[in-house]
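J.: I'd like to go over a predicted model; first the sequence, then the structure.
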Number of protein chains: 2
Amino acid sequence: MIRTQLLSAMDKPLILISNDDSIESKGIKTLASIMATIGEVVVVAPDTHQSGMGHAITLDRPLRVKEVPHFHPDVKAYKCSGTPADCVKFGKHFILKGRKIDLVVSGINHGSNSSISVIYSGTMSAAIEAAIEGIPAIGFSLCSFDADADFSHIESFVKKIAQTILAHGLPHGVALNVNFPAKSEQPLNGIKLCRQTDALYKETFEERRDPYGRTYYWMDGFLLNEDKGKDTDEEALKQNYVAIVPVKFDLTDYRALEMLKALPLSEIGN
Amino acid sequence: MIRTQLLSAMDKPLILISNDDSIESKGIKTLASIMATIGEVVVVAPDTHQSGMGHAITLDRPLRVKEVPHFHPDVKAYKCSGTPADCVKFGKHFILKGRKIDLVVSGINHGSNSSISVIYSGTMSAAIEAAIEGIPAIGFSLCSFDADADFSHIESFVKKIAQTILAHGLPHGVALNVNFPAKSEQPLNGIKLCRQTDALYKETFEERRDPYGRTYYWMDGFLLNEDKGKDTDEEALKQNYVAIVPVKFDLTDYRALEMLKALPLSEIGN
């Protein structure tokens, strides 16, 4: 029995967690609590809100990193002045230097990262950064911006998805973008593997004047979705399914690569 | 003759320019000068350096935008407090609202955006933002970080590539990532269509103490390239070719989508 315990303690997977809503958010505390039941957990998360940071990294100033006491009894946690991608880099190359990380999870984001939002998402940039590093990675997002959102209906999904990826791994260079419908009276219908919806944000810029008479602009927008596909993440969420999209960091459009060979580009010279 | 002039003036393509090195950089001034010879040019660029900003957008504060007088006699130019992606959104939805933009060009970046750098690149985020908006877009980068870099060997390439894309367009959702070798004694060998090199940055974090005894960390790194493919952008640049990679914003990994169907994900329920 002692031996079994020893083995299972030694076999505990090492899980690194980050997010973009900051270490103070309910989403990352929920995620850490769930992951603490299946592995050894280390959190490195931004000390302030980093939504919309895309895959930004900090090149022009140094990073501040501090341990956060009392985050969770079984979890080591650090807050970092950088972006989500910085946090993963710092977690891997400094805090956990030399150790094999079995899984990186990011979130749970307060708000959807489906469709084109994946491009702007700090949550997903942490997961994609891990994929670049060759670590299986999952970004979790809930379709609710409520800071006190109810995660109770998705906790067992989060745990089982993480366990499945820990057991089976992911193809090279792939991270999962997992979006959950917000809590409603209807139970979730299950999981759907999807493609990214081909939609875009339509922005407006509201012009205002500050107390000193100077102009400034607030950006606002809404998702314009003209993609009628039944296999998209937006459609799955609308049908009350958990939407999982495998995403990759190789941005090459291989189909376009073939098409471009027809253009007279290669004839260009000085 | 008058009619021809009139027609060609009316037919002038509308070109929006942005970058991530800021409106003060030599690269964007060079790009604007070249584009002014082929179209009507509007510049909307960050007022400060935005390298490594990835696809960040500004959600938590308003934007300041000011016209920049005397940027170039034939070019309207604006500086913006936001990110490169913000600049393109503001250019399209505010400054050029209601007008059809024929081409968005970004750069010329002082430094390479080949390989995995495309993910972190503010230059490419401006181009990808335009692709999301359905506008043909090109990001140009020179493999030299010198603020006073010599662009003379690439000017005719930049012009001809832009003219080719204006004439032929690009497939839906595609932007071009164009990287040029730095000036050397050897003339450029021409253009190669490539895929993104599968490489990654290996980071180190140098720990220092500030004058008040507090710890901070400088991130540094180098590109670790173990991709031996002959069809990569890194390889093309090494062979003194201009490297063009078509990139897309649909991050879905369709091959992984098929592979994941073998995992017991769809069996997960509450």
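T.: Here it is on my side, so go on.
J.: Do you have the helices of chain A handy? List them.
T.: Taking DSSP state H as the criterion, chain A carries its helices at A:2-11, A:26-35, A:84-90, A:117-120, A:122-132, A:155-168, A:233-238, A:254-260.
J.: excluding its backbone neighbours, what's nearest A:Ser121?
T.: Spatial nearest neighbour of A:Ser121, chain neighbours left out: A:Asn113 (4.3 Å); criterion: Cβ to Cβ, 6 or more residues apart in numbering or on different chains. (Glycine included, C-beta is placed from N, CA and C.)
J.: That neighbour: neighbouring residues, count only.
T.: 30 (other Cβ atoms under 10 Å in any protein chain shown).
J.: That one reaches A:Gly122, doesn't it?
T.: No - taking contacts as Cβ atoms under 8 Å, A:Asn113 lies outside contact range of A:Gly122: 9.1 Å.
J.: that older thread, tell me the predicted confidence for the residue nearest to A:Ser121.
T.: Turning to A:Asn113, the model gives it a pLDDT of 97.
J.: Between the helices of chain A, which one is closest to B:Tyr217.
T.: B:Tyr217 lies closest, by Cβ to Cβ, to one member of those: helix A:84-90, at 7.1 Å.
J.: which parts of that closest one are buried?
T.: For helix A:84-90, a neighbour-count test (16 or more other Cβ atoms under 10 Å in any protein chain shown) marks A:Pro84, A:Ala85, A:Asp86, A:Cys87, A:Val88, A:Lys89, A:Phe90 as buried.
J.: Nearest to chain B, out of these: which one, please.
T.: Set against chain B, the nearest of the buried residues of helix A:84-90 by Cβ to the nearest Cβ is A:Lys89 (4.9 Å).
J.: Not counting its neighbours along the chain, what's nearest A:Leu265?
T.: Nearest non-adjacent residue to A:Leu265 (Cβ to Cβ, 6+ apart): B:Ile191, at 5.4 Å.
J.: How about A:Glu203?
T.: Nearest one to A:Glu203, counting by Cβ to Cβ, 6+ apart, is A:Gly221 at 4.1 Å.
J.: just checking, that neighbour touches A:Tyr201?
T.: Yes - counting by Cβ under 8 Å, A:Gly221 does reach A:Tyr201; the two are 4.1 Å apart.
J.: So which of these two has more stuff around it?
T.: More crowded of A:Gly221 and A:Tyr201, by other Cβ under 10 Å: A:Tyr201, with 21 against 15.
J.: quick one: A:Gly98 from chain B, how far?
T.: 13 Å (Cβ to the nearest Cβ, to the nearest Å).
J.: What of A:Val245?
T.: 6 Å.
J.: if you skip the residues just before and after it, what's nearest to that residue?
T.: Closest residue in space to A:Val245, ignoring its immediate chain neighbours: A:Asn177 at 4.5 Å, by Cβ to Cβ, 6+ apart.
J.: what's the pLDDT at the residue nearest to A:Leu265?
T.: Per-residue confidence (pLDDT) for B:Ile191: 96.
J.: Would you mind measuring from A:Gly173 to B:Met124?
T.: 18 Å (Cβ to Cβ, to the nearest Å).
J.: sorry, that was for A:Ala137
T.: Per Cβ to Cβ, A:Ala137 is found 22 Å from B:Met124.
J.: And these two? Which one has more around it.
T.: B:Met124 (32 against 29).
J.: what sits against the nearest residue to that one once chain neighbours are set aside?
T.: Leaving out its chain neighbours, the residue that sits closest to B:Met124 by Cβ to Cβ, 6+ apart is B:Gly139, at 4.5 Å. With contacts defined as Cβ atoms under 8 Å, 6 or more residues apart in numbering or on different chains, B:Gly139 is in contact with B:105-107, B:109, B:113, B:121, B:123-124, B:126-127, B:175-178.
J.: run the last query once more with 6 Å
T.: B:Ser106, B:Gly107, B:Thr123, B:Met124, B:Ala127, B:Asn177 (Cβ atoms under 6 Å, 6 or more residues apart in numbering or on different chains).
J.: can you pick the most crowded of those?
T.: For the contacts of B:Gly139, the largest number of neighbours (other Cβ under 10 Å) sits with B:Ser106, at 36 neighbours.
J.: check contacts around that one.
T.: Residues in contact with B:Ser106, defined by Cβ under 6 Å, 6+ apart, are B:Ser18, B:Asn19, B:Thr123, B:Ala126, B:Ala127, B:Gly139.
J.: Try it again at 7 Å.
T.: When contacts are counted by Cβ atoms under 7 Å, 6 or more residues apart in numbering or on different chains, B:Ser106 touches B:Ser18, B:Asn19, B:Pro84, B:Thr123, B:Ala126, B:Ala127, B:Gly139, B:Phe140.
J.: Name the nearest of those relative to chain A.
T.: The shortest approach to chain A among the contacts of B:Ser106 belongs to B:Pro84, at 10.0 Å (Cβ to the nearest Cβ).
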